[in-house]
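K.L.:
Provided below are the primary sequence and the corresponding predicted coordinates.
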Amino acid sequence: MCRSRLGFAGTRTRRFWAWGLACGWLLLAPCPALAQELRDVRMADHPAFTRLVFELDALVDYGLEREQAGRVLLVRVDAKGQAEILRSWGPWVKRATVEPLLDITQVRVELRDPGVTVREERLEAPPRIVLDVGAPASVPSAAPEAIAAPAPRVDPPSPVPLASPLAPPPSAAPRPKVAQVLPPPEATRSAPAPLSQRLPPDEDPERIHDPYSIATQLSDAERMPVPVPMATEDRGNSLLGYGVFAALLLAAALLGVFVSRSRRADRMARRAEITRRVLSQAGSRAQSLPAEPLQPAGGDVPVQPAPTRDDAPGSPPADLSLDSPIDAPRTVVSEDRPRESEAYRRDAGEIDPRLEALELRVDALEFALERALEGRERLNAQLVAQAEELRVQRAAIARTQRALRSLAQGRDPGHDEEALRD
């Protein structure tokens, strides 16, 4: 019984320390709400370069890396972002794919020319990372403006002498006309190259569903006003959402500790009540048994008869001294071995094993109940994880169906995704 009690006490102590360590980890672990956020990713085409802007809520570190022989530019930003795809019709960039990872966001920029140059810049109000993807170093970034042919030199007219007041005013000489020579159209603007020549060999021109050339699209983009970026919707990465989640976890841990301690107190009270009832029943049974016959205090001392006295008036005083066998040994009850009750001695051998068996059964039931509760908690956690996984799969299936419908109708799936987000 003592070993079982010590074993269960050690189990409860280890469980209490485990709860304490879990609560301490929740308090000391870095909260995900402190992670930075990538608010927006924008891309715009210019005649000389294509600009990518990463808007953040604070200045963070980032890294650049080239892959696939320079045709893919990887941008890793230490911030959390949302998945999206940005397309470009310019001569330098095909598309930019935003892929959120565990604690960072990776942006894959597919380039049309592996030899393009990248210019980096940081801005602080608001915090931004700006990347300009332009022409290679061996190719000029933009065609120089055509220089107009100089106009022919015209000599100023010779001064006319003042006429006398009597002479008639001379007629005004006709002003010579200056012919304006315009440069040929080939000098001002060269015809745009065909789309098949400006795209890399592995790019299919039939995939671009647009009747105009790249140069025409660039000129139209220059005339169109750039809209102001709209504020992105908060999708749960805010400080409040992560703070509430951490607070709920901490509250659940504290509630579990409180319930465990209260159950332990209830078990101790129940054991004390059972022990009290068993002892009271044993005492009542001992009182119901017949008592032992009374015996004189000194069993070995003989009884001396009392002397007769004459109480008549005028009689001499009687001798009140009593003769007692002082030398006779007396019976002394030993103090280290008191007498035991016959009732307690009769039932002690039956009550102790039953009480031990009862305590062992109670401990076994408590252990089985705790194991069942832990199993239920594990099942609940698995159900929650499976529900979340099912929700993610349904969302992915819905996105795939929308993309298939857009492709079947001849539309760009990226524009539909942007419209749904807006």
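P.N.:
Right, received. Where do you want to start? Numbering: from 1, shown residues only.

K.L.:
which regions of the protein lie under the pLDDT threshold?
P.N.:
1-17, 19-35, 137-244, 282-350, 413-422 (pLDDT under 70).

K.L.:
is Pro114 in a helix, a strand, or coil?
P.N.:
coil (DSSP: H, G, I helix; E, B strand; the rest coil).

K.L.:
check contacts around it.
P.N.:
Residues in contact with Pro114, defined by C-beta atoms under 8 Å, 6 or more residues apart in numbering, are Ala69, Gly70, Arg71. For the C-beta atoms, the positions are set from N, CA and C on the backbone; glycine is no exception.

K.L.:
so it versus Ala396, what's the distance?
P.N.:
32 Å (C-beta to C-beta, to the nearest Å).

K.L.:
ok, now Ala272?
P.N.:
59 Å.

K.L.:
doesn't Arg411 fall inside a strand?
P.N.:
No. Counting by three-state DSSP, Arg411 is not found in a strand; it is coil.

K.L.:
quick one: it from Ser88, how far?
P.N.:
In terms of C-beta to C-beta, Arg411 sits 18 Å off from Ser88.

K.L.:
more crowded one of the two?
P.N.:
Ser88 (19 against 13; other C-beta atoms under 10 Å).

K.L.:
distance of the more buried one from Val109?
P.N.:
From Ser88 to Val109 the distance is 9 Å (C-beta to C-beta).

K.L.:
mutual contacts of the two, please.
P.N.:
In contact with both Ser88 and Val109: Arg95, Ala96, using C-beta under 8 Å, 6+ apart.

K.L.:
quick one, longest helix in this protein?
P.N.:
helix 342-408 (DSSP state H).

K.L.:
helices and strands around it, which ones?
P.N.:
Packing partners of helix 342-408 (3 or more C-beta pairs under 8 Å, 6 or more residues apart in numbering; DSSP states H and E): helix 2-28, helix 239-288, helix 413-421.

K.L.:
so it versus helix 239-288, what angle?
P.N.:
If you take axes from the mean of the first three to the mean of the last three C-alpha atoms, to 10 degrees, helix 342-408 sits at 160 degrees to helix 239-288.

K.L.:
mind starting the numbering at 717 from now?
P.N.:
All right, first residue 717 from here; so that's helix 1058-1124.

K.L.:
Arg983 against Phe1083, yeah?
P.N.:
No. Counting by C-beta atoms under 8 Å, Arg983 stays clear of Phe1083, with 11.3 Å between them.
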